[in-house]
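>>> model the following, please.
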Amino acid sequence: MIKYMHTKLFRHRYGLPQNQYPKKRSCLLLAALCSLMLYGCGSEDASNTVTVLNYGKYFDPKMIEQFEEETGITVKYEEYESPEEMYAKYKAGSIHYDVACTSDYIIQKLIQEGEALDINFDNIPEYSNIDQKYIDYCKNFDTETRFTLPYFFGTVGILYNTTMVDPAETDTWKILWDEKYSGQIIMENSVRDTYMVAQKLLGTSCNTTDLDTLDRCLDLLLEQKPLVQAYLTDETADQMAIGNAALAEVYSGEAAYAESMNDDLAFSVPKEGSNMWVDAWFIPKTCRNKKNAETFLNYLCRADVAMANFDYVYYATPNKAVFEQLDEDVQNDETIFPSAEILDNCEFFQPLDEITTNYYTELWEALKSY
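Numbers count the residues shown, from 1 in each chain. I've put the predicted structure just below:
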């Protein structure tokens, strides 16, 4: 196994013993992105607007237009790519967001920091469309489910081309280290998701803060790196659909989208386990118009709107009114709607303390620069 000395030197640079964490770094991931796409909300009357923050390509644009037509409320819509970017943009404080959607562990972190407001579910009658079992999953990051409304959920696994890969080999993350697929492997351009694969191979939690374990993960990923074609985000599904790679680490919804374009593709959640994630909406304390925020949340829970967003995104919806309308083959598609057995073998990400987060940044830089 490759032994890379970056993290050891890092500890020495800060005068730390081997079992101690580094001091806080002076910069944050993606801080430069925080000043982009500003709306100038601080000087305007927000009474007839709602300012929304969401992942890119995660809401049917036609549904935004329809909401504006139905309610007369103007939507100011901003997008981001990664949970860490979302956190940095929000914490910059330049925009007063009324409602936001992001990943479970970032929401948990913001709740812990007092950045989320209670949702008045009496103002969201369409919330009755949300399946209780997925509301219960939210207890992993919102213990009393006071702050969040689940939007989409899924897993992380291996998308593979059945004409290039034996399906029997895809029940383990180890296949992503197989030299016969050199140059044919795509990994997620995300530190938590990529390190999760190594953590599961080592039989440890994807929320570990043990420094030596994280170093061992770096060793594994450095051993794998010569085989990796690219670390991608939104482009993976398209690359797999056109046959540019044999294997890819992907989110389940992205896999389902790719499978819809190429019948030769299939998806597997390895036996070592994976990450289960829930992306949810919450109302941040920067909200200037809670009434409009809750009107927006009620709208997206409506069956017709949720169906349009499902068709647009193709990730698993917790909306039972939508699920009941789907064809049986879609309902039974475990790429989109994982079985209870698969989900029980998965683990939610938890927010990491600042020191561990900074160390992850060092590890990611080490992997990318090697």
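
>>> student question: in this structure, what's the helix or strand with minimum average pLDDT?
Taking mean pLDDT, DSSP states H and E as the measure, the chain has helix 6-13 as its least confident helix or strand, at a mean of 38.

>>> the next helix or strand after that helix: partners in the sheet, and parallel or antiparallel?
Moving toward the C-terminus from helix 6-13, the next helix or strand (DSSP states H and E) is strand 49-55. Sheet neighbours of strand 49-55, with direction, are listed as strand 74-80 (parallel), strand 99-103 (parallel) (DSSP bridges).

>>> what number of residues lie near the closest residue in space to residue 174 that isn't next to it in sequence?
Counting by Cβ to Cβ, 6 or more residues apart in numbering, residue 174 lies nearest to residue 201, which is 6.7 Å off, once chain neighbours are set aside. C-betas here are computed from N, CA, C, even on glycine. Using other Cβ atoms under 10 Å, residue 201 is surrounded by 19 other residues.

>>> give me every residue that touches residue 201.
173-174, 220, 272 (Cβ atoms under 8 Å, 6 or more residues apart in numbering).

>>> quickly check those residues for the two that are furthest apart.
220 and 272 (12.5 Å; Cβ to Cβ).

>>> ok, the two, which is more surrounded?
residue 220 (20 against 16).

>>> name the helices or strands packed onto the host helix or strand of the more buried one?
Per DSSP H and E: residue 220 is located in helix 211-224. With contacts taken as 3 or more Cβ pairs under 8 Å, 6 or more residues apart in numbering; DSSP states H and E, helix 211-224 sits against helix 6-13, helix 191-201, helix 354-369.

>>> okay, buried residues for that helix please.
By 16 or more other Cβ atoms under 10 Å, the buried positions in helix 211-224 come out as 211, 214-222, 224.

>>> next: stretch 105-125.
105-111, 115-117, 119, 124.

>>> swap in stretch 240-247?
Quick answer for stretch 240-247 (16+ other Cβ under 10 Å): 240-241, 244-247.

>>> need the max-distance pair from those.
Most distant of those, by Cβ to Cβ, are 241 and 247, 13.8 Å apart.

>>> which non-adjacent residue is nearest the most centrally placed residue in the chain?
Most central in the chain under Cα atoms, centre = their mean is residue 103, positioned 5.1 Å from the mean C-alpha point. Of all residues not flanking residue 103 in the chain, residue 83 sits nearest, at 4.4 Å (Cβ to Cβ, 6+ apart).

>>> and residue 370, by the same measure?
For residue 370, the spatially nearest residue (Cβ to Cβ, 6+ apart) is residue 222, at 5.7 Å.

>>> could I get the pLDDT score of that neighbour?
Per-residue confidence at residue 222 stands at 98 (pLDDT).

>>> Provide the backbone phi and psi angles at the closest residue to residue 313 other than its chain neighbours.
Computed as Cβ to Cβ, 6+ apart, the closest residue to residue 313 that is not its neighbour in sequence is residue 58, at 5.9 Å. Main-chain dihedrals, residue 58, degrees, to the nearest 10: phi -120, psi 20.

>>> before we move on, back to that, quick check, nearest of the buried residues of stretch 240-247 to residue 205?
Distances from residue 205 to those, taken by Cβ to Cβ, are shortest for residue 247, at 24.4 Å.

>>> was I right to think the closest one contacts residue 162?
No: using Cβ atoms under 8 Å, residue 247 and residue 162 do not qualify as a contacting pair, with a distance of 11.2 Å.

>>> OK, contacts around residue 298?
123-127.

>>> element containing residue 70?
Judged by DSSP H and E, residue 70 forms part of helix 61-71.

>>> again, but for residue 107
helix 104-112.

>>> on that earlier part again, of all the buried residues of helix 211-224, which two lie farthest apart?
Once Cβ to Cβ is applied, the buried residues of helix 211-224 give 211 and 224 as the farthest pair, at 20.6 Å.

>>> check the gap between residue 349 and residue 341 for me.
According to Cβ to Cβ, to the nearest Å, residue 349 stands 21 Å off from residue 341.

>>> repeat for residue 369
The value you get for residue 369 to residue 341, if Cβ to Cβ is used, is 39 Å.

>>> tell me where the stretch 151-300 of the chain has helices.
191-201, 211-224, 236-241, 252-261, 290-301 (DSSP state H, counting those that start in this stretch).

>>> returning to that earlier point: just want the phi and psi numbers for the residue nearest to residue 103.
According to degrees, to the nearest 10, residue 83 has phi -60, psi -40.

>>> right, and it touches residue 106 too?
Yes: between residue 83 and residue 106 there is a contact at 4.4 Å, judged by Cβ under 8 Å.

>>> list the contacts for residue 287?
Contacts of residue 287 by Cβ under 8 Å, 6+ apart are 96-99, 117, 293.
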